[in-house]
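Colleague: Quick one: sequence and predicted model below, then my questions.
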Amino acid sequence: MISDERLLDFSRSLSAAVRSGLALSDAFETLAKSSAHGGLIAAAAKMTARGLTIHEALAALKIFPPVFIALVRAGEEGGKTDEFLDLYSGCLEVRIEFRRRIRRALVYPAFVALLAAALFLALTLKAIPMIVGPLAQAGAAMPPQAAWLTSAAAYLQANWPQVLLGALACFLILRWLLRSGPARKARALACRLLPGFRYATSEARLYNVYTTMSLLMKAGLPPSAMLDVLLQFSEDDLLLRRRLRRAEAMLAGGVTFTGSFDGFIPKEDFAAMEIAEKTGRLEETLLRLGKTHYDLHLHRLKLLSTFFTIATTAALAPLCFLLILSLIKPVLSAVGAVTGLPGSDAGAAAPSPAAQPAAPPRILDTRTEYEAERDRATADFNAVQAAKLAGFMKERGVAKDAGSAGPEEKADADNTARPGETAAPKKKKLGPVPQIKKIQLKGFGSTTVQPTEVNSTQ
């Protein structure tokens, strides 16, 4: 099927050629010789040269939509090809703009997804092998996730051209499947049944139906022929085809054109169409209703775009956190296997802290450095002064062993004579020791040294 952009270009070119004064057949032959459209309608031009009409030749190509072929047929029969093509070009512009708006709404989520994928590949190919690789070479037991990421990184580094070509092939195959007939039908059913898709596409569907019916009525097609074109137009939408067949059966049974759509369109649209059919202004009413549903569709599209932007922004932070956590977790597990963290093999072999003997409690010295230095200086000073005092007492005749017995007990023992022996003369007692003069230490100022008890016998 031809794309809407190329069909819009061809429709505008054909309308401009007809508006310039050429007959439809001459305009068609002129476009067939041009470089822009020659490859598209060259085969159809050969068919028209053999006697076929233009709409029959275009239908034989099987690339043009049935609405366009019906408009060209009406233009051949009624001579209003330029008007029909202009109306159809306006519908194509609206459809193309609708797709552009959807793409712009999905740009930000797609960018976030690509950024997350790039971050994942960078961490997988560079960061994790740099951390886990040396641990694996050292003989550490790797967790399954860390081993899987390491092997995946090594495979991607060794076979990245094949992986890139495979990803590109998968993308092309997926794109082809989405454009196939079954995929289009499944997509149409999803837009009908799923709540979110139904909200996004219901107004656009009504706009397409109303606009197409207005174009076909303006082309002069009878209701039965118009329903045939609508059936071809809705080939992929199974539910729409079933409702159109029901309308066709009701119309064949004598029901009015508007009455055949009862239950298919909204009630307010049905009332407006019923009044317009009685007054003979059904074509203008259908165009007005189509424009109304197009505006409603654009409003819903803006709401959905805002919702996608907010939802993507809100999901960006937890997505990045979960991505980084999923990549760092195997690295932490690998490091835990080496250092003996709980849950790893090396950690299970290491003795638990409860099994090790408890260390004796440590007594903390709460003294400051100044107090400790003061105590050391005091001890040194007392030792020096004690040595000086002991030497001074030796010079005064004090014996070292005078403290072994008291002076009175020793005198009594010497004066007591044994029977038959002459008492020994008494030894002269030592007089009192003169008072020791105070020692004047010159050159010393006030000090923080504290005096301690001195033992003169040491």
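Modeller: Ah, there it is. Residues are numbered from 1 along each chain as shown.
Colleague: quick one: the residue nearest to residue 177 when sequence neighbours are not counted from residue 176, how far?
Modeller: Once flanking residues are discounted, residue 177 sits nearest to residue 183: 5.5 Å by Cβ to Cβ, 6 or more residues apart in numbering. All C-beta atoms are positioned from the backbone trio N, CA, C, and that covers glycine. Using Cβ to Cβ, to the nearest Å, one obtains 9 Å as the distance from residue 183 to residue 176.
Colleague: for residue 232, same thing?
Modeller: Residue 232 is 23 Å from residue 176, by Cβ to Cβ.
Colleague: again with residue 279
Modeller: Distance from residue 279 to residue 176, by Cβ to Cβ: 49 Å.
Colleague: do the same with residue 309
Modeller: Residue 309 is 31 Å from residue 176, by Cβ to Cβ.
Colleague: Tell me which of these two has more neighbours.
Modeller: Per other Cβ atoms under 10 Å, whichever of residue 309 and residue 176 has more neighbours is residue 309, with 14 against 10.
Colleague: does that one really touch residue 107, like I thought?
Modeller: No - Residue 309 is beyond contact range of residue 107, at 9.9 Å (criterion: Cβ atoms under 8 Å).
Colleague: The residue nearest to residue 177: what secondary structure?
Modeller: helix (DSSP: H, G, I helix; E, B strand; the rest coil).
Colleague: per-residue confidence for it?
Modeller: Residue 183 is assigned a pLDDT of 85 by the prediction.
Colleague: That one - how many residues pack around it?
Modeller: What residue 183 shows, counting by other Cβ under 10 Å, is a neighbour count of 14.
Colleague: immediately after the worst-scoring helix or strand of the chain on mean pLDDT, which helix or strand?
Modeller: Least confident helix or strand of the chain, by mean pLDDT, DSSP states H and E, is helix 345-349 with a mean of 44. Sequence order places helix 369-395 as the next helix or strand after helix 345-349, per DSSP states H and E.
Colleague: so how far is that next one from its chain's centroid?
Modeller: Between the centre of helix 369-395 and the centre of its host chain there is 76 Å, according to Cα atoms, centre = their mean, to the nearest Å.
Colleague: buried set for that helix?
Modeller: Neighbour counts over helix 369-395 (16 or more other Cβ atoms under 10 Å) mark 374, 378, 381, 382, 385, 386, 390, 393 as buried.
Colleague: Kindly report the same for stretch 226-233.
Modeller: 226, 227, 228, 229, 230, 231, 233.
Colleague: Which SSE is immediately downstream of whatever helix or strand the fourth one lives in?
Modeller: Using DSSP H and E, residue 229 sits within helix 223-233. Using DSSP H and E, the helix or strand that follows helix 223-233 in sequence is helix 238-252.
Colleague: Now do the buried residues in that next one.
Modeller: 240, 241, 243, 244, 247, 248, 250, 251.
Colleague: Contact partners for the last one?
Modeller: If a contact means Cβ atoms under 8 Å, 6 or more residues apart in numbering, then residue 251 has 223, 224, 227, 257, 260 as its contacts.
Colleague: from memory the third one sits against residue 247, does it?
Modeller: Spelled out, it's residue 227. Yes - Residue 227 is within contact range of residue 247, at 6.4 Å (criterion: Cβ under 8 Å).
Colleague: Report the residue ranges of every domain in this structure.
Modeller: 4-105, 121-338 (automatic domain parsing).
Colleague: do you know which of those lies nearest residue 114?
Modeller: Closest of the domains of the chain to residue 114 is domain 121-338, at 10.6 Å (criterion: Cβ to Cβ).
Colleague: Centre of the chain to that closest one, how far?
Modeller: 21 Å.
Colleague: quick check, distance from stretch 69-76 to the centre of its chain.
Modeller: Worked out by Cα atoms, centre = their mean, stretch 69-76 lies 52 Å from the chain centre.
Colleague: Now do that stretch: everything it contacts.
Modeller: With Cβ under 8 Å, 6+ apart, stretch 69-76 has contacts from 18, 24, 53-55, 58-59, 80-82, 84-85, 88, 215-216, 219-221, 225, 229.
Colleague: Only the buried residues of stretch 257-276, if you could.
Modeller: 257, 258, 260, 261, 265, 269, 270, 272, 273, 274, 276.
Colleague: of these, closest to residue 290?
Modeller: residue 269 (10.1 Å).
Colleague: Give the full set of residues in contact with the closest one.
Modeller: Contacts for residue 269 were tallied using Cβ under 8 Å, 6+ apart; they are 206, 210, 289.
Colleague: go with 6 Å
Modeller: residue 289 (Cβ atoms under 6 Å, 6 or more residues apart in numbering).
Colleague: what does residue 248 give?
Modeller: residue 227.
Colleague: Need the contact partners of the helix or strand containing residue 111.
Modeller: Assessed by DSSP H and E, residue 111 sits inside helix 107-122. Contact with helix 107-122 is made by 308, 309, 312, 316, 323, as judged by Cβ under 6 Å, 6+ apart.
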